[in-house]
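**Q** Structure of the sequence below:
(chains A and B)
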Amino acid sequence: MGRLAPCLGVLAVLGVTVVATLGALLLTAPAGWSDVVHDVYLRRVVAFTFWQASLSTLVSVGLALPVARALARRERFPGRDWLLRLLGLPLVVPTIVAVFGIVAIYGQNGLLNRLAGAVGLGPGQYLYGLPGILIAHAFFNLPLAIRLLLPVWQSVPGESWRLAAQLGMSGGQVWRLVEWPLVRHAVAQAAGLVFMLCFTSFAVVLTLGGGPAATTIEVAIYQALRFDFDLARAGLLALLQVVCCLGIAAAVQAMGRPQWVEPGAGRAHARPDLGGRVTQVLDYTCIALVAVATLLPIGAVLSAGLAGPVFAVLGDPRLWSSALLSLGIALSASTLAVLAAVALLIGSRELRVVRYREGLADAAELSGSAVLVIPPLVLGTGAFLLLRPLGDAFAWAPAIVIGVNALMGLPYAIRVLGPPMTRIASQHERLCASLGLRGFARLRLVEWPLLRAPLGLAAALCAALSTGDLGVIALFGSQDTTTLPLLLYQRLASYQMGEAAVTALVLLALSLGLFAALERAIGGRARA
Amino acid sequence: MLEVERATLRYPGMSLSFDLRVEAGECVAVIGPSGAGKSTLLALIAGFERPLTGRVRIAGEDVTDWPAARRPVTTLFQEHNLFAHLDAAANVGLGIHPGLRLGAADKARVEAALEQVGLGGFATRLPATLSGGQRQRVALARALVRHRPVLLLDEPFAALGPAQRREMLALVDTLRRAESLTTLLVSHHPQDAALAAERTAFVSGGGILAIGPTPEVLSGRARPELTAYLGEVEA
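**A** The predicted model follows:
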């Protein structure tokens, strides 16, 4: 029982959070769903939310497929490892910083339009609205989808390539008969995840969307609370969001798990379809385009930041107070998320490895990720409604932001820590039991050396996500409580572009620096 | 006839050199410790590896520079011989057309080949629903429809139990004689060689150290390495 107690504790906290949030929303939202159907504005918002998420998914996953295939086919070229690391970067680049970079490249006065002007073309299309949202979502989710798809190719057994070579399959036949049947499950799963992320995306739509024509449910909640102060409407929108997310999550679950592939004999085998000049040029073009598209906005943040009024911004005490608040929130949220993940996983691996209750173990791990179904702004709305009777809800801002950020980080922490923790249990549980290795001794001799690298990664990831988060803080932020992303948003909104550029650079440095520092400090030098 | 003539290869920390002649329709067993180069010898013949020097000839043709698909060779691996998402008939059909464009006559051939390996009625089964032995039978059926005169068996029965292994070897023996297939059989079990091969080659340290009639080689007196590999030989 001892090993299940922390897990049950975390599950109880999650349960209470969910129930309290939904309860508060149900009590506040006006009764009767007929309002939703008849309200033209609401219908429009819901339709746009689905539309932009569908297009974003199509663009991100559709482009990820050829790039992942190109990367899988070209296993050796200079800079490949470096490129794969670059593709991990958008996950830890704060959304609002990336938006700044995207505007600097694709915006009205961006690099592309200036280049177009230099060669005599008129200014390009307007970035704000759907195009901007799609570009920003692709910036984040294209690399994510590539990283989700790439491992599938590594699971193709070497014998299959030899077989394909012996049977004389052409490139097209290899794709149709070997690759696609394996990849399509991963494509469906990646599409589900990307759709969910884009459906609930907030900061991108807040900054790049515009007007009622390009507003998502998440942003509508924010506007209802922050500008109209229409609690009933906010509650209704939040419930609507939860219902939609539940539907999407159910659809993703229904797609099932990808079929399990045994790893092949291990040795790498050359694929039979790499020879042609044309395929070679196409592959490297795909790879180069993704590298450039990922690097450009980040490069723009660096160059604009260094060219901005660096000393004026660095001398502003508001920058430092908000940076300090961001740092404190990030460290607290990351600690909470990692502790909760470890507690959950100690329970789930006990269920899985020692008690052979796979179903319960899966359920425990899934409930940690189920928070994704209730997006941050919905949680924030719930917290706002619950705390309002107690007085000034804004006074609770830091605590709420920490809590919501910890919940946001929890699925990532579970994903990073789950496989190694389960592996330790399945490999060493019996040996530990027979040697009488328990408690602190086991922690010091077995768990810590094997887990410090994933622990470092999980903590770093959660901290970076929290540092860059512009979500709940937009609801609760005030003159006294401003995080760095919120400060950057305010400067962008008031068109202080120089100050915004430097702030973006500082935020980027804080996020990446915190990531690297935590990963190194906890994970140690020899990373897994 | 299959000839490997002073074919050399180099891996980090190891260099290999092979010299081998196999008569048409003959079965030669290849035994030896792991990592000695048995599978590499087969990969050379199949065209998965190219030698640095030396030649590979099949039926008088120099195939050294031919791509794998053009060589008159079929390989059976220890596992992953089938595509897990295709049913038995489709896996066999790939041997007729690598894009699975099959006419009625082709489908009849697939059915007949499955019949021949004792899997009549299994056409629509997915590999996951077949036993290990049945999966290798499907791969053998594909070898039959391909009509390639050289059959390379890279420990395809290693994961099977003793009874099933003997059964599969008997099947291979029957098919080889019926189709007069030139066969190389890599195995860890000297008994396999005794059951199915006229001659046996002992591979160790990247070369063939001994080759001769199977009973002679298995008596283990040709080389000290062979004696060490075989250990106590049962009579």
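
**Q** For the one residue in the stretch 151-300 of chain A that gets nearest to chain B, which non-adjacent residue is closest in space?
**A** In the stretch 151-300 of chain A, no residue comes nearer to chain B than residue A:168, which is 3.0 Å away by Cβ to the nearest Cβ. C-beta here means a position set from N, CA and C on the backbone, and glycine is covered the same way. Spatial nearest neighbour of residue A:168, chain neighbours left out: residue B:69 (3.0 Å); criterion: Cβ to Cβ, 6 or more residues apart in numbering or on different chains.

**Q** thinking again about what came up before, show me what contacts the residue of the stretch 151-300 of chain A closest to chain B?
**A** By Cβ atoms under 8 Å, 6 or more residues apart in numbering or on different chains, the contact list for residue A:168 reads B:68-70, B:98.

**Q** top of the residues you listed by neighbour count?
**A** Using other Cβ atoms under 10 Å in any protein chain shown as the neighbour test, the contacts of residue A:168 are led by residue B:68, with 21 neighbours.

**Q** I'd say that residue and residue A:165 touch.
**A** Yes. Using Cβ atoms under 8 Å, residue B:68 makes contact with residue A:165 at a distance of 4.1 Å.

**Q** can you list residues touching both of those two?
**A** Taking Cβ under 8 Å, 6+ apart as the criterion, residue B:68 and residue A:165 both touch A:272, B:47-48.

**Q** for stretch A:228-240, the distance to its chain's centre please.
**A** How far stretch A:228-240 lies from its chain's middle: 25 Å, per Cα atoms, centre = their mean, to the nearest Å.

**Q** Give the residue spans of the stretch 1-150 of chain A that score low on pLDDT.
**A** In the predicted model of the stretch 1-150 of chain A, residues A:1, A:31-37, A:122-125 satisfy pLDDT under 70.

**Q** ok, now chain B?
**A** Scanning chain B for pLDDT under 70 picks out B:232-235.

**Q** Can you name the residues of it that neighbour chain A?
**A** Proximity of chain B to chain A, by Cβ under 8 Å from any Cβ of the partner chain, involves residues B:46-48, B:67-71, B:73-75, B:77-81, B:83-86, B:94-95, B:98-100.

**Q** 7 Å - rerun?
**A** B:46, B:48, B:68-69, B:74-75, B:77, B:79-81, B:83, B:85, B:94-95, B:98-100 (Cβ under 7 Å from any Cβ of the partner chain).

**Q** Keep only those of the residues you listed that are in strands.
**A** B:74-75 (DSSP state E).

**Q** Narrow the residues of chain B next to chain A to just the buried residues.
**A** For those, a neighbour count by 16 or more other Cβ atoms under 10 Å in any protein chain shown gives the buried set as B:46, B:48, B:68-69, B:74-75, B:77, B:79-81, B:83, B:85, B:94-95, B:98-100.

**Q** host element of the spatially most central residue of chain A?
**A** With distances taken as Cα atoms, centre = their mean, residue A:91 lies nearest the centre of chain A, 5.9 Å away. Take DSSP states H and E as the rule and residue A:91 turns out to sit in helix A:80-92.

**Q** Go through that helix and flag the buried ones.
**A** Neighbour-count burial for helix A:80-92 flags A:83, A:86-87, A:90-92 (criterion: 16+ other Cβ under 10 Å).

**Q** again with stretch B:122-142
**A** B:122-123, B:125, B:127, B:130, B:132-142.

**Q** Over to stretch A:182-196?
**A** Applying a neighbour-count criterion of 16+ other Cβ under 10 Å, one finds A:182-183, A:186-196 buried in stretch A:182-196.

**Q** what's next to that stretch, contact-wise?
**A** If you take Cβ atoms under 7 Å, 6 or more residues apart in numbering or on different chains as the criterion, stretch A:182-196 is touched by A:53, A:56-57, A:60-61, A:65, A:141, A:144-145, A:148-149, A:152, A:155-156, A:248, A:251-252, A:255, A:258-259, A:261, A:372.

**Q** And the residue of the stretch 351-500 of chain A that's closest to chain B?
**A** Taking Cβ to the nearest Cβ, the stretch 351-500 of chain A has residue A:358 as its residue nearest chain B, at 19.2 Å.

**Q** Can you report phi and psi for residue B:21?
**A** phi -130, psi 130 (degrees, to the nearest 10).

**Q** what pairs with it across the strands?
**A** With DSSP bridges applied, residue B:21 shows beta-bridge pairing to residue B:3.
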